[in-house]
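In: give me a 3D structure for the following:
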Amino acid sequence: MTKHETTNETTKASQVKEYKTTGTTRLQGALTDDSTSAISKYQDINVDKSGLISLLTFELYTLFFMPLPGAIGYLLRKFYLKRLLGSCGGGLIVGRGVTIRHPAKIHLGENVAVDDYAVLDAKGDSNRGITLGNNVLVGRNTVLSCKDGDIEIGDNSNIAQSCFIQSASKVSVGEKVLFGAYCYLIGGGDHKSDSIEIPIMDQGQTMKGINVSNNSWLGASVQVLDGTNIGRDSIVGSGSVVTRDVDDYTVVAGIPAKKIKDRREL
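Out: Numbering: from 1, shown residues only. Below is the predicted model of the structure:
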(Lines give C-alpha, C1' and ligand atoms only; values in the text may rest on other atoms or scores of the structure.)
Protein backbone atom coordinates (compact mmCIF):
# COMPACT_ATOMS: atom_id res chain seq x y z
CA MET A 1 0.00 0.00 0.00
CA THR A 2 1.36 3.42 -0.97
CA LYS A 3 1.77 6.31 1.45
CA HIS A 4 -1.08 8.13 -0.27
CA GLU A 5 -3.39 5.11 0.08
CA THR A 6 -2.43 4.73 3.74
CA THR A 7 -3.27 8.39 4.39
CA ASN A 8 -6.65 7.98 2.71
CA GLU A 9 -7.48 4.88 4.73
CA THR A 10 -6.49 6.67 7.95
CA THR A 11 -8.73 9.61 7.06
CA LYS A 12 -11.65 7.31 6.25
CA ALA A 13 -11.21 5.44 9.52
CA SER A 14 -11.21 8.66 11.54
CA GLN A 15 -14.33 9.84 9.72
CA VAL A 16 -16.16 6.60 10.41
CA LYS A 17 -15.09 6.68 14.05
CA GLU A 18 -16.44 10.21 14.37
CA TYR A 19 -19.77 9.03 12.99
CA LYS A 20 -19.96 6.16 15.44
CA THR A 21 -19.53 8.52 18.39
CA THR A 22 -21.63 11.48 17.24
CA GLY A 23 -23.90 10.18 14.47
CA THR A 24 -27.33 11.17 15.74
CA THR A 25 -29.73 13.98 15.13
CA ARG A 26 -30.73 16.21 18.05
CA LEU A 27 -34.05 14.39 18.41
CA GLN A 28 -32.40 10.98 18.27
CA GLY A 29 -29.87 12.13 20.85
CA ALA A 30 -32.63 13.29 23.19
CA LEU A 31 -34.54 10.04 22.81
CA THR A 32 -31.58 7.67 23.19
CA ASP A 33 -29.57 9.44 25.89
CA ASP A 34 -29.16 6.86 28.66
CA SER A 35 -28.10 9.49 31.18
CA THR A 36 -31.56 11.08 31.35
CA SER A 37 -34.86 9.65 32.53
CA ALA A 38 -37.86 9.01 30.32
CA ILE A 39 -39.74 11.92 31.89
CA SER A 40 -36.79 14.25 31.24
CA LYS A 41 -36.70 13.19 27.58
CA TYR A 42 -40.43 13.78 27.29
CA GLN A 43 -40.14 17.23 28.84
CA ASP A 44 -37.19 18.21 26.65
CA ILE A 45 -39.04 17.31 23.45
CA ASN A 46 -42.46 18.68 24.35
CA VAL A 47 -42.19 21.37 27.01
CA ASP A 48 -38.59 22.65 26.95
CA LYS A 49 -38.92 24.30 30.35
CA SER A 50 -37.76 22.38 33.40
CA GLY A 51 -39.82 22.11 36.54
CA LEU A 52 -42.89 20.24 37.68
CA ILE A 53 -45.30 23.15 37.29
CA SER A 54 -44.41 23.66 33.61
CA LEU A 55 -44.87 19.96 32.95
CA LEU A 56 -48.21 19.78 34.75
CA THR A 57 -49.50 22.87 32.93
CA PHE A 58 -48.62 21.26 29.61
CA GLU A 59 -50.13 17.91 30.60
CA LEU A 60 -53.44 19.52 31.57
CA TYR A 61 -53.78 20.85 28.03
CA THR A 62 -52.81 17.52 26.45
CA LEU A 63 -55.04 15.35 28.59
CA PHE A 64 -58.12 17.47 29.18
CA PHE A 65 -58.37 20.47 26.84
CA MET A 66 -56.83 19.26 23.55
CA PRO A 67 -59.36 16.46 22.81
CA LEU A 68 -62.54 18.25 23.92
CA PRO A 69 -65.18 18.41 21.16
CA GLY A 70 -67.74 21.07 20.42
CA ALA A 71 -68.17 24.65 21.57
CA ILE A 72 -67.03 23.90 25.12
CA GLY A 73 -63.72 22.65 23.74
CA TYR A 74 -63.16 25.82 21.72
CA LEU A 75 -64.02 28.00 24.71
CA LEU A 76 -61.80 26.20 27.23
CA ARG A 77 -58.82 25.99 24.85
CA LYS A 78 -59.13 29.70 24.11
CA PHE A 79 -58.74 30.65 27.76
CA TYR A 80 -56.24 27.97 28.76
CA LEU A 81 -53.82 28.56 25.87
CA LYS A 82 -53.52 32.23 26.79
CA ARG A 83 -51.84 30.96 29.95
CA LEU A 84 -49.80 28.24 28.29
CA LEU A 85 -48.37 30.04 25.23
CA GLY A 86 -45.58 32.60 25.12
CA SER A 87 -48.07 35.28 24.04
CA CYS A 88 -51.56 35.26 22.59
CA GLY A 89 -54.00 37.90 21.34
CA GLY A 90 -57.76 37.92 21.65
CA GLY A 91 -60.23 36.06 19.48
CA LEU A 92 -58.21 32.83 19.40
CA ILE A 93 -59.85 29.77 17.83
CA VAL A 94 -58.08 26.41 18.25
CA GLY A 95 -59.69 23.22 17.00
CA ARG A 96 -59.73 19.76 18.47
CA GLY A 97 -56.53 17.70 18.68
CA VAL A 98 -54.08 20.54 17.96
CA THR A 99 -50.61 19.46 19.09
CA ILE A 100 -48.51 22.07 20.90
CA ARG A 101 -44.79 21.63 21.57
CA HIS A 102 -42.56 24.12 23.39
CA PRO A 103 -45.55 26.40 24.03
CA ALA A 104 -43.52 29.20 25.60
CA LYS A 105 -41.98 29.84 22.16
CA ILE A 106 -45.31 30.14 20.36
CA HIS A 107 -46.62 33.67 19.84
CA LEU A 108 -50.05 34.32 18.31
CA GLY A 109 -51.59 37.62 17.26
CA GLU A 110 -55.24 38.69 17.32
CA ASN A 111 -57.96 36.47 15.82
CA VAL A 112 -55.72 33.53 14.94
CA ALA A 113 -57.56 30.34 13.93
CA VAL A 114 -55.93 26.90 13.99
CA ASP A 115 -58.05 24.06 12.62
CA ASP A 116 -58.35 20.50 13.96
CA TYR A 117 -55.27 18.26 14.26
CA ALA A 118 -52.74 20.89 13.23
CA VAL A 119 -49.28 20.89 14.85
CA LEU A 120 -47.45 23.90 16.27
CA ASP A 121 -43.99 22.58 17.16
CA ALA A 122 -41.55 25.31 18.25
CA LYS A 123 -38.80 23.11 19.63
CA GLY A 124 -35.16 24.17 19.59
CA ASP A 125 -32.34 25.16 21.90
CA SER A 126 -31.88 28.82 20.96
CA ASN A 127 -34.69 29.78 18.58
CA ARG A 128 -37.55 32.21 19.06
CA GLY A 129 -40.02 29.67 17.70
CA ILE A 130 -43.33 30.25 15.92
CA THR A 131 -44.89 33.68 15.44
CA LEU A 132 -48.28 34.09 13.75
CA GLY A 133 -49.58 37.58 13.01
CA ASN A 134 -53.13 38.89 13.26
CA ASN A 135 -55.97 37.07 11.45
CA VAL A 136 -53.79 34.14 10.38
CA LEU A 137 -55.58 30.90 9.47
CA VAL A 138 -53.84 27.53 9.81
CA GLY A 139 -55.68 24.66 8.11
CA ARG A 140 -56.55 21.19 9.34
CA ASN A 141 -53.60 18.76 9.63
CA THR A 142 -51.07 21.47 8.78
CA VAL A 143 -47.70 21.15 10.52
CA LEU A 144 -45.46 24.07 11.52
CA SER A 145 -42.25 22.43 12.72
CA CYS A 146 -39.15 24.13 14.09
CA LYS A 147 -35.85 22.31 14.25
CA ASP A 148 -34.04 25.01 16.20
CA GLY A 149 -35.27 27.52 13.59
CA ASP A 150 -38.00 30.14 13.43
CA ILE A 151 -41.29 30.35 11.53
CA GLU A 152 -42.94 33.74 11.06
CA ILE A 153 -46.27 34.22 9.26
CA GLY A 154 -47.55 37.73 8.64
CA ASP A 155 -50.98 39.27 9.15
CA ASN A 156 -53.98 37.96 7.20
CA SER A 157 -52.15 35.01 5.65
CA ASN A 158 -54.03 31.78 4.98
CA ILE A 159 -52.30 28.39 5.22
CA ALA A 160 -54.58 25.68 3.79
CA GLN A 161 -55.00 22.12 5.02
CA SER A 162 -52.22 19.53 5.18
CA CYS A 163 -49.33 21.92 4.54
CA PHE A 164 -45.89 21.31 6.03
CA ILE A 165 -43.52 24.14 6.96
CA GLN A 166 -40.19 23.17 8.51
CA SER A 167 -37.48 25.52 9.70
CA ALA A 168 -33.93 24.78 10.77
CA SER A 169 -33.01 28.44 10.19
CA LYS A 170 -35.83 30.87 9.34
CA VAL A 171 -38.96 30.65 7.25
CA SER A 172 -40.65 34.00 6.80
CA VAL A 173 -44.10 34.34 5.18
CA GLY A 174 -45.36 37.86 4.56
CA GLU A 175 -48.79 39.41 4.83
CA LYS A 176 -51.85 38.27 2.84
CA VAL A 177 -50.13 35.18 1.47
CA LEU A 178 -52.28 32.30 0.22
CA PHE A 179 -51.22 28.65 0.46
CA GLY A 180 -53.08 25.91 -1.39
CA ALA A 181 -53.38 22.51 0.26
CA TYR A 182 -50.36 20.18 0.60
CA CYS A 183 -47.68 22.87 0.21
CA TYR A 184 -44.18 22.05 1.54
CA LEU A 185 -41.63 24.65 2.65
CA ILE A 186 -38.33 23.17 3.80
CA GLY A 187 -36.24 25.93 5.38
CA GLY A 188 -33.00 24.15 6.13
CA GLY A 189 -32.31 20.46 6.05
CA ASP A 190 -30.53 20.09 2.72
CA HIS A 191 -28.15 17.31 3.69
CA LYS A 192 -24.53 17.33 2.59
CA SER A 193 -23.50 14.18 0.74
CA ASP A 194 -19.88 14.71 -0.36
CA SER A 195 -18.54 11.62 1.40
CA ILE A 196 -19.58 8.04 0.70
CA GLU A 197 -17.74 6.83 3.82
CA ILE A 198 -20.04 8.62 6.28
CA PRO A 199 -23.82 8.24 6.41
CA ILE A 200 -25.54 11.29 4.94
CA MET A 201 -27.30 12.12 8.18
CA ASP A 202 -23.91 12.69 9.85
CA GLN A 203 -22.39 14.99 7.22
CA GLY A 204 -24.22 18.11 8.32
CA GLN A 205 -26.79 20.32 6.66
CA THR A 206 -26.96 23.61 4.82
CA MET A 207 -29.45 26.05 6.33
CA LYS A 208 -30.27 29.16 4.34
CA GLY A 209 -33.94 29.87 5.01
CA ILE A 210 -36.98 30.79 2.91
CA ASN A 211 -38.80 34.07 2.39
CA VAL A 212 -42.27 34.38 0.84
CA SER A 213 -43.18 38.05 0.33
CA ASN A 214 -46.51 39.84 0.71
CA ASN A 215 -49.60 39.08 -1.39
CA SER A 216 -48.19 35.94 -3.00
CA TRP A 217 -50.15 32.82 -3.89
CA LEU A 218 -48.79 29.27 -3.76
CA GLY A 219 -51.04 26.75 -5.51
CA ALA A 220 -51.77 23.28 -4.19
CA SER A 221 -48.84 20.87 -3.70
CA VAL A 222 -46.14 23.49 -4.25
CA GLN A 223 -42.70 22.65 -2.85
CA VAL A 224 -40.31 25.46 -1.92
CA LEU A 225 -36.73 24.40 -1.29
CA ASP A 226 -34.25 25.94 1.11
CA GLY A 227 -32.47 29.14 0.13
CA THR A 228 -35.21 30.53 -2.11
CA ASN A 229 -37.06 33.84 -2.03
CA ILE A 230 -40.49 34.36 -3.54
CA GLY A 231 -41.15 37.97 -4.47
CA ARG A 232 -44.23 40.01 -3.64
CA ASP A 233 -47.48 39.58 -5.58
CA SER A 234 -46.11 36.46 -7.29
CA ILE A 235 -47.96 33.26 -8.18
CA VAL A 236 -46.56 29.71 -8.08
CA GLY A 237 -48.59 27.19 -10.09
CA SER A 238 -49.94 24.02 -8.51
CA GLY A 239 -47.48 21.14 -8.26
CA SER A 240 -44.42 23.32 -8.90
CA VAL A 241 -41.02 22.88 -7.25
CA VAL A 242 -39.33 26.19 -6.51
CA THR A 243 -35.53 25.80 -6.61
CA ARG A 244 -34.50 29.41 -7.29
CA ASP A 245 -35.67 32.93 -6.48
CA VAL A 246 -38.95 34.19 -7.94
CA ASP A 247 -39.09 37.88 -8.90
CA ASP A 248 -41.84 40.26 -7.79
CA TYR A 249 -45.13 40.06 -9.75
CA THR A 250 -43.98 36.90 -11.55
CA VAL A 251 -46.00 33.78 -12.40
CA VAL A 252 -43.93 30.57 -12.33
CA ALA A 253 -44.81 26.91 -12.82
CA GLY A 254 -43.22 23.54 -13.44
CA ILE A 255 -40.52 21.23 -12.09
CA PRO A 256 -38.32 23.12 -11.56
CA ALA A 257 -40.49 26.23 -11.55
CA LYS A 258 -39.83 28.59 -14.48
CA LYS A 259 -41.17 32.02 -15.37
CA ILE A 260 -44.45 32.02 -17.26
CA LYS A 261 -45.17 35.74 -17.32
CA ASP A 262 -44.89 39.07 -15.52
CA ARG A 263 -48.24 40.06 -14.02
CA ARG A 264 -47.58 43.73 -14.84
CA GLU A 265 -47.47 42.96 -18.56
CA LEU A 266 -50.72 42.70 -20.52
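In: helix or strand with the lowest mean pLDDT in this protein?
Out: Every helix and strand of the chain was ranked by mean pLDDT, DSSP states H and E. The lowest is helix 3-22, at a mean of 38.
In: the helices in this protein, which residues?
Out: Listed in chain order, the helices of the chain (DSSP state H) span 3-22, 26-32, 38-46, 52-60, 70-84.
In: tally of neighbours for the nearest residue to Val171 once chain neighbours are set aside?
Out: Among residues not flanking Val171 along the chain, Gly187 sits closest, at 3.8 Å (Cβ to Cβ, 6 or more residues apart in numbering). Heads up, the C-betas are built off the backbone N, CA and C, glycines and all. For Gly187, the count of nearby residues is 28 (other Cβ atoms under 10 Å).
In: so Gly187 makes contact with Gly209?
Out: Yes - using Cβ atoms under 8 Å, Gly187 is in contact with Gly209, at 5.2 Å.
In: got the contact list for Ile186?
Out: Residues near Ile186 by Cβ atoms under 8 Å, 6 or more residues apart in numbering: 166, 210, 223-226.
In: and the end-to-end length of stretch 151-161?
Out: 17 Å (Cα to Cα, to the nearest Å).
In: quick one: residues in contact with that stretch.
Out: 109, 115, 122, 129-142, 144, 165, 167, 170-183, 187, 214, 220.
In: rerun that using 7 Å as the cut-off
Out: Under the contact criterion Cβ atoms under 7 Å, 6 or more residues apart in numbering, stretch 151-161 has outside partners 109, 130-142, 144, 165, 167, 171-181.
In: among these, which lie within strands?
Out: Per DSSP state E, strands hold the following members of the contacts of stretch 151-161: 130-132, 137-138, 144, 165, 167, 171-173, 178-179.
In: min pLDDT across those residues, which one?
Out: Of all the ones in strands among the contacts of stretch 151-161, Ser167 carries the smallest pLDDT score, 95.
In: might one say that that residue is in contact with Cys146?
Out: Yes - the criterion here is Cβ atoms under 7 Å, and Ser167 meets it with Cys146 at 5.4 Å.
In: correct me, but Leu81 touches Ile93?
Out: No - using Cβ under 7 Å as the test, Leu81 is too far from Ile93 to be in contact (10.4 Å).
In: low-confidence ranges in the stretch 151-266 of the chain?
Out: The stretch 151-266 of the chain contains residues with pLDDT under 70 at 266.
In: give me that answer again for 80
Out: Counting by pLDDT under 80, the stretch 151-266 of the chain has low-confidence residues at 189-190, 205, 266.
In: tell me who's in contact with Pro67.
Out: Contacts for Pro67 (Cβ under 7 Å, 6+ apart) come out as 96-97.
In: need the pLDDT of it.
Out: Looking at Pro67, its pLDDT stands at 96.
In: again with Val47
Out: Value for Val47, per-residue pLDDT: 89.
In: ditto for the one 4 residues further on
Out: The pLDDT attached to Gly51 in the predicted structure is 76.
In: how close does it get to Asp121?
Out: Gly51 is 21 Å from Asp121, where distance means Cβ to Cβ, to the nearest Å.
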